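>>> Sharing a sequence plus its predicted fold:
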Amino acid sequence: MVEPTERSISVGRPEIDRSGLSSLILDSAIRFISFRLEALPEDCEAWLSQFWEEANESRLKIPAYLALHPRLTLMAARCTARLPRLSARLSDGAEGKLIENALNTVCLAKVFKLSDLGACVLEIPARPQDYSLGSSKQTLRRKVKAAEKLGIYCRPVHDKDEQIALIATLDRAIAVKSNPLYREHDSDHSYLIGNGLWTVAFAQDGEPLVIAVTPRDGEWALLQAFVSLGETQHRSDARYLLTKVVVERLAVEGVRHLVDTRSPSQLPNGLRHFQRMLGFRIKRIRMRQ
């Protein structure tokens with residue numbers, strides 16, 4: 001999932017309410033230019049995910065890729081307009097505002113918000129045990145069993161002193177990541193302390209392996225951080241176990257949608273495949289007061 005360790009971005013409210021402006025522009029433009037164009041794919045969401053995968057494989061910056069592939073870009077815009085759309089009602093509380101700010105992040109052309117272009121969303125079942133069911137979760141179940149055989153376990157972390165110590169470990173681990181996409185020198189993730197639900201995977205000897213932080217508000221939660229504290233195989237297995245535990249914990253809390261902070265266009269392809277295997281799909285989100 002991520003190694004999304006981005007800070008939440010505060011979004012001020014302009015004098016003119018533009019909460020639905022970018023969505024209206026996108027929908028109107030796509031309806032106008034779609035007449036007499038080639039047929040849409042049967043599964044617009046899957047096509048769009050593949051489009052962003054190919055864009056990332058090109059190693060071009062996204063604006064350059066879009067400009068060099070106008071036909072595919074137009075199809076991507078049309079598929080975006082056909083994405084499933086969810087309705088998010090968030091409170092004025094701190095965690096609600098955090099989720100709202102993430103969804104309002106402008107991620108393309110300085111106009112379109114994450115909620116309008118489509119965010120990676122995991123639908124959480126009402127019954128926690130249902131998440132791991134089905135043929136699509138075979139890899140998840142296999143990896144969870146591998147982690148449990150190694151004695152890996154997960155537990156909530158409420159104590160702020162323990163969170164402070166874990167953040168120090170997190171910042172050290174990120175500084176030496178082998179993948180430059182995840183490496184970050186002189187990072188400071190103290191803003192995560194006391195923020196949202198903390199769930200951590202530990203080795204049998206108590207060593208922390210993976211940290212997840214998920215603010216939640218009503219039926220919505222934000223995948224603000226999901227970070228491995230190293231690159232060993234048992235940490236990789238721990239990621240699957242921690243995902244299962246986090247989803248089940250959120251289900252008990254009444255959460256029905258877990259949204260990533262990154263746009264699908266920003267995801268490294270390895271992370272994209274991991275998320276889709278776990279059940280994340282691209283969906284547009286309408287903000288409700």
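That came through fine. Numbering: from 1, shown residues only.
>>> in which helix or strand would I find Val200?
Assigning secondary structure by DSSP states H and E places Val200 in strand 197-202.
>>> and that strand, what other elements does it pack with?
Other elements packing on strand 197-202 under the criterion 3 or more C-beta pairs under 8 Å, 6 or more residues apart in numbering; DSSP states H and E are strand 153-156, strand 208-214, helix 233-252. No exception for glycine: its C-beta is placed from N, CA and C like everyone else's.
>>> Let's see that with 10 Å instead.
Using 3 or more C-beta pairs under 10 Å, 6 or more residues apart in numbering; DSSP states H and E as the contact test, the elements touching strand 197-202 are strand 153-156, helix 160-175, strand 208-214, strand 225-228, helix 233-252.
>>> ok, and for the last one, which residues are buried?
Across helix 233-252, burial judged by 16 or more other C-beta atoms under 10 Å covers 234-251.
>>> Okay, and the beta partners of the most centrally placed residue in the chain?
With distances taken as C-alpha atoms, centre = their mean, the chain has Asp260 as the residue nearest its mean C-alpha position (1.7 Å). Going by DSSP bridges, Asp260 is paired in beta bridges with Leu223.
>>> from memory it sits against Val121, does it?
Yes: in this structure Asp260 lies within contact range of Val121 using C-beta atoms under 10 Å: 7.6 Å.
>>> Ala88: which element?
Ala88 belongs to strand 85-89 when assigned by DSSP H and E.
>>> Okay, buried residues for that strand please.
Using 16+ other C-beta under 10 Å as the test for burial, strand 85-89 gives Leu86, Ala88.
>>> Touching that strand from outside, list them.
Counting by C-beta atoms under 10 Å, 6 or more residues apart in numbering, strand 85-89 makes contact with 23, 96, 99-100, 103, 115-116, 118-119, 121, 123, 217-220, 256-257, 259, 283-289, all of which sit outside it.
>>> Just the buried residues of those.
Buried by 16+ other C-beta under 10 Å: 23, 96, 99-100, 103, 115-116, 118-119, 121, 217-220, 256-257, 259, 283-285, 287, out of these.
>>> Name the nearest residue to Arg286, sequence neighbours excluded.
Across the structure, with C-beta to C-beta, 6 or more residues apart in numbering as the measure, the residue nearest Arg286 apart from its sequence neighbours is Ser87 (5.1 Å).
>>> any low-confidence regions in this structure?
Under the criterion of pLDDT under 70, the regions of the chain flagged as low confidence span 1-37, 109, 289.
>>> mind listing the helices for it?
Assigned by DSSP state H, the helices in the chain fall at 21-33, 44-57, 62-68, 70-81, 94-103, 114-117, 138-149, 160-175, 233-252, 269-278.
>>> deepest of those helices, which one?
Of all those, helix 114-117 has the most neighbours on average by mean count of other C-beta atoms under 10 Å, namely a mean of 26.
>>> Counting by contacts, list what that one packs against.
helix 21-33, helix 70-81, strand 85-89, helix 94-103, strand 106-108, strand 257-260, strand 280-288.
>>> of those, which approaches Pro63 most closely?
Using C-beta to C-beta as the measure, strand 106-108 is the one of the helices and strands packed on helix 114-117 that comes nearest Pro63, at 8.3 Å.
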